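Chemist: next come a sequence and a model predicted from it.
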Amino acid sequence: MSLRYYIFLKDVLLLALTAFGGPQAHIALMFKLLVDKRRYVTEQELIELNALCSILPGPTSTQTITAIGFKIGGPNLAYLTLLIWILPAASIMAVAALAISYLQEQGISLEFLRIIQPMAVGFVAYAAYMISSKVIHTKTAVVLMVISAILAYFFSSPWVFPALLIAGGAVTALRFKQHPMEKDKQLKIQWANFILYVAVLVVAAVLGAYTSSLPVRLFENFYRNGSLVFGGGQVLIPLLYSEFVDFKEYLTGEEFLSGYAIVQALPGPTFSFTSFIGNLAMREYGLGGQLLGSFVATVGIFLPGTFLIFFVIRFWDELKKYRVVRASLEGISAVSSGMVVAAAILLYHPIENTIINFSIVVATFCLLMFTKIPAPVLILTGLLLGFLI
């Protein structure tokens, strides 16, 4: 491996340990370090890669940094990039789940988490506002956002979300003639990674249906969710809540919100939250089972997006010339923002509806909106207040 690759991986580790604030903040830091300072890619290349990853299911910033690794050093460097990027946050979330399990086994109250639970709702509400302000620019987008928010709120089946995304994309794709036509389109597709992506999905689904093995079923659950999530970690949250809290009851709403609040205080990808969920889902199987749960959940959620970015990056330059592809992005983005609005409301349900809790949600939203206080400082302050009060 060349010295340039080692320096790049060191930079990826630096980002994994310092990139707080979700995909938008991650991309800003990538511009600063990977473009302005190191010049691994040009500014235009990073903008285009991020646009590509925004229309693929999976974790946007994870796919973007993996794609940069791919452009620099091919598949091997890309896989190392992926591992270094996700390992710190996923490991910390596994430890956090173990700590919560231990405290519960010892009969120690989790009451100290009571402040960061409504804070987590404030984070989702802020994400809903930020996403909506960036992607809602037409009356059609407003209508799609409102309809998707209502449907996502009242119909919490995991299959509702991908159906809404497809429908939203189809609605705006019909208006493709509003986009300028580009010439010289020569689309040549290498199908290997897509076939691998579908094969793993099918095998996992079959094994999940015919086995009682919880790790296998967890892998299938997370692989399916990772295959269906457009829009990053904020859109993933309602999917995970409806499946693992409402339907399967692997963890309580309070545990879910506590874990989500903790992941907001960490650098790296929001998708690492799945390490926490997988861990608690396997708590009946002891320490080894919980660590296995974290592993299968993390691999399951990140693998589909990895297969897909490896598949699409090879013909992205040609694909983006098609007007239908560009037009469908508006609908997909609008529906995604509607889902995050619904998530903010749904996540408030398991919290006791008191003036104090509602005030914490509003205060968190306002602090994120009107100040530059970093998210980790807010969460750590909430934990400290939970201990003291």
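Modeler: Nice, I can see it.

Chemist: ranges for the strands of the chain?
Modeler: Shown for the chain, no strands are assigned by DSSP state E.

Chemist: shaky segments in it?
Modeler: Within the chain, the segments meeting pLDDT under 70 span 1, 20-25, 51, 156-159, 182-185, 230-234, 265, 317, 320.

Chemist: can you point me to the longest helix in it?
Modeler: The residue-count maximum for a helix in the chain (DSSP state H) belongs to helix 60-105.

Chemist: number of nearby residues for the nearest residue to G208 once chain neighbours are set aside?
Modeler: Counting by Cβ to Cβ, 6 or more residues apart in numbering, the nearest residue to G208 once its immediate chain neighbours are dropped is E220, at 3.4 Å. Quick note: C-beta positions are derived from backbone N, CA and C, even for glycine. Neighbourhood size, E220 [other Cβ atoms under 10 Å]: 22.

Chemist: distance from the longest helix of the chain to the middle of the chain?
Modeler: Taking Cα atoms, centre = their mean, to the nearest Å, one finds helix 60-105 lying 12 Å from the centre of the chain it belongs to.

Chemist: now R4: how far from Q290?
Modeler: 39 Å (Cβ to Cβ, to the nearest Å).

Chemist: show me what the longest helix of the chain is packed against.
Modeler: Counting contacts by 3 or more Cβ pairs under 8 Å, 6 or more residues apart in numbering; DSSP states H and E, helix 60-105 is packed against helix 3-18, helix 22-30, helix 43-55, helix 253-264, helix 273-281, helix 286-312.

Chemist: CSV for these, including distance to S133 and mean neighbour count?
Modeler: Conversion of the helices and strands packed on helix 60-105 to CSV gives the following (distance: least, Cβ to Cβ, whole Å; neighbours: other Cβ atoms under 10 Å):
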stretch, distance to S133, mean neighbour count
helix 3-18, 25, 16
helix 22-30, 11, 20
helix 43-55, 16, 18
helix 253-264, 20, 23
helix 273-281, 24, 29
helix 286-312, 25, 22
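
Chemist: how about those helices in TSV, adding distance to V198?
Modeler: Formatted as TSV, those follow (distance: least, Cβ to Cβ, whole Å):
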stretch	distance to V198
helix 3-18	29
helix 22-30	26
helix 43-55	18
helix 253-264	29
helix 273-281	21
helix 286-312	9
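
Chemist: to G69, which of the ones you listed lies closest?
Modeler: G69 sits nearest to helix 3-18 of all these, at 7.1 Å, using Cβ to Cβ.

Chemist: just the C-alpha atoms of that closest one, please, in PDB.
Modeler: Only the C-alpha atoms of helix 3-18 are listed here, as PDB (Å, rounded to 0.1, in the frame of the first residue of the first chain):
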ATOM      1  CA  LEU A   3       2.100   6.200   1.400                       C
ATOM      2  CA  ARG A   4      -0.700   8.200  -0.100                       C
ATOM      3  CA  TYR A   5      -3.200   5.500   0.900                       C
ATOM      4  CA  TYR A   6      -1.900   5.500   4.500                       C
ATOM      5  CA  ILE A   7      -2.200   9.200   4.800                       C
ATOM      6  CA  PHE A   8      -5.800   9.000   3.400                       C
ATOM      7  CA  LEU A   9      -6.800   6.400   5.900                       C
ATOM      8  CA  LYS A  10      -5.300   8.500   8.700                       C
ATOM      9  CA  ASP A  11      -7.400  11.400   7.500                       C
ATOM     10  CA  VAL A  12     -10.500   9.100   7.400                       C
ATOM     11  CA  LEU A  13      -9.800   8.100  11.100                       C
ATOM     12  CA  LEU A  14      -9.400  11.800  12.000                       C
ATOM     13  CA  LEU A  15     -12.800  12.500  10.500                       C
ATOM     14  CA  ALA A  16     -14.400   9.500  12.200                       C
ATOM     15  CA  LEU A  17     -13.200  10.900  15.500                       C
ATOM     16  CA  THR A  18     -14.100  14.500  14.900                       C
END
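
Chemist: ok and that helix relative to helix 60-105, angle-wise?
Modeler: 50 degrees (axes from the mean of the first three to the mean of the last three Cα atoms, to 10 degrees).

Chemist: ok, residues contacting helix 3-18?
Modeler: 26, 29-30, 33-34, 38, 40, 65, 69, 72-73, 77, 80-81, 84-89, 267-268 (Cβ atoms under 8 Å, 6 or more residues apart in numbering).

Chemist: quick one: buried ones out of those?
Modeler: Among those, those classed as buried by 16 or more other Cβ atoms under 10 Å are 26, 29-30, 33-34, 40, 65, 69, 72-73, 77, 80-81, 84-86, 88-89, 267-268.

Chemist: measure F222 to E284 for me?
Modeler: F222 sits 18 Å away from E284, going by Cβ to Cβ.

Chemist: repeat for V312
Modeler: 39 Å.

Chemist: returning to that earlier point: with neighbour numbers in mind, choose between F222 and E284.
Modeler: F222 (29 against 8).

Chemist: what sits closest to that one if chain neighbours are left out?
Modeler: G300 (3.1 Å).

Chemist: ok, A205 - contacts?
Modeler: 220, 224.

Chemist: if I look at it, how far off is E220?
Modeler: Distance from A205 to E220, by Cβ to Cβ: 6 Å.

Chemist: returning to what we had before: now the longest helix of the chain against helix 43-55, angle please.
Modeler: Using the same axes, to 10 degrees: helix 60-105 against helix 43-55 is 50 degrees.
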